[in-house]
Structures are given as C-alpha cells and as structure tokens.
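>>> Could you look at this predicted model? Sequence included:
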Amino acid sequence: MDRYLRGSSVFVLLACVIVSTWGFKCFDCNKKDCDAPPVSFAKDCPTNVAHCYKTYAKSGSIVTTVRGCGKASGSQAASIGDNACQVITLEAVSTTVCNCNSDSCNAAAVGTKTSLVAAGLGVALTLLLTK
C-alpha cells in the first residue's frame, strides 16, 4: 500500500508541475454573447502578461462583456488592483471592470475563480483515498 501511495503521489506531483508550466491563459472575447465563454475561448497570453481582465457593461437591455489578457485599460481603470473590481457609471452605462492574476480567472461571474490544478488535486486525492 505504501509503495502504491508513493507512486501515485509522484504521478500527481508531476501532473501538477506539467500543468503549471503551461502558459498563462485568459478568456479572450469581445462580443455580445461573451457572458459565458466556452473553454475554446481560453487563449495563451504573451509571456510578459500575468493578469486577465473582464469588463461587463450594461445600458438598458444591452449587455456587453469583454475579456482578455492584461489589466483593464483606461484612465478610470488604472486604479483597480489585482483581484479587484470597480463599478464605473457614465451617464446611462454601468460598467464593472475587474482585474485578476490567476490562470483563466476571468471566466465566470465577477468574484468567481476556478483553478484546474486544485480541481485535479481534489480528484486525485479522492481517488487515492477511496482505494
């Protein structure tokens, strides 16, 4: 049993190292139907980028969501820190702008982050403990 656990632990560790060496990814889309982007919208960012942004703008019934690599740009977005959001209202348009600094962190609703490595570790540990 000890030998099985040791071998499984090495496999899980190697899998995590391989996953963590992939490039930094962000969801990247700029269209009206970008509110729930599919996995295919996750793109590799340039090597010097370690942030993602999400902008959600609403004017009446028109909603636009933009996601991409880097920090949100613009004079009012400059003060937004890492893993933070700011609501900016200009006339009839309410815009929520967010910056985050973990892999694919701009995928879901504001404030929601998902880590594939953590999920993978959870599955691996569950499998190890149930054997």
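Sure thing, it's come through.

>>> contacts, neighbours, all on C-alpha from now
Noted.

>>> how deep is residue 26 tucked in, by neighbour count?
Neighbourhood size, residue 26 [other CA atoms under 10 Å]: 29.

>>> same check, this time on the one 4 residues further on
The tally of other residues near residue 30 (other CA under 10 Å) stands at 13.

>>> Over to residue 105?
Residue 105 has 24 neighbours, counted by other CA under 10 Å.

>>> and what of residue 61?
6.

>>> go on, the one 10 residues further on?
Look at residue 71: counted by other CA under 10 Å, it has 22 neighbours.

>>> can you check residue 29 too?
18.

>>> One more: residue 81?
14.

>>> Can you name the residues that contact the residue lying closest to residue 102 once chain neighbours are set aside?
Distances taken as CA to CA, 6 or more residues apart in numbering place residue 51 nearest to residue 102, at 6.9 Å, with adjacent residues excluded. Counting by CA atoms under 8 Å, 6 or more residues apart in numbering, residue 51 touches 26, 69, 70, 71, 82, 99, 100, 101, 102.

>>> try 7 Å
Applying CA atoms under 7 Å, 6 or more residues apart in numbering, we find residue 51 in contact with 69, 70, 71, 99, 100, 101, 102.

>>> Tell me the buried residues in stretch 28-45?
Neighbour counts over stretch 28-45 (16 or more other CA atoms under 10 Å) mark 28, 29, 34, 35, 37, 41, 42, 43, 44, 45 as buried.

>>> before we move on, back to that, any idea how far the residue nearest to residue 102 lies from residue 59?
As defined by CA to CA, to the nearest Å, residue 51 lies at a distance of 27 Å from residue 59.

>>> Then residue 26?
Applying CA to CA to residue 26 and residue 59 gives a distance of 26 Å.

>>> again, but for residue 104
The spacing between residue 104 and residue 59, counted by CA to CA, is 27 Å.

>>> These two: which has the busier surroundings?
Relative neighbour count places residue 104 above the other of residue 104 and residue 59, with 27 against 12, counting by other CA under 10 Å.

>>> isn't there a strand covering that one?
No. Per DSSP: H, G, I helix; E, B strand; the rest coil, residue 104 lies outside any strand segment and is coil.

>>> Who are the contact partners of it?
Per CA under 7 Å, 6+ apart, neighbours of residue 104: 25, 26, 27, 42.
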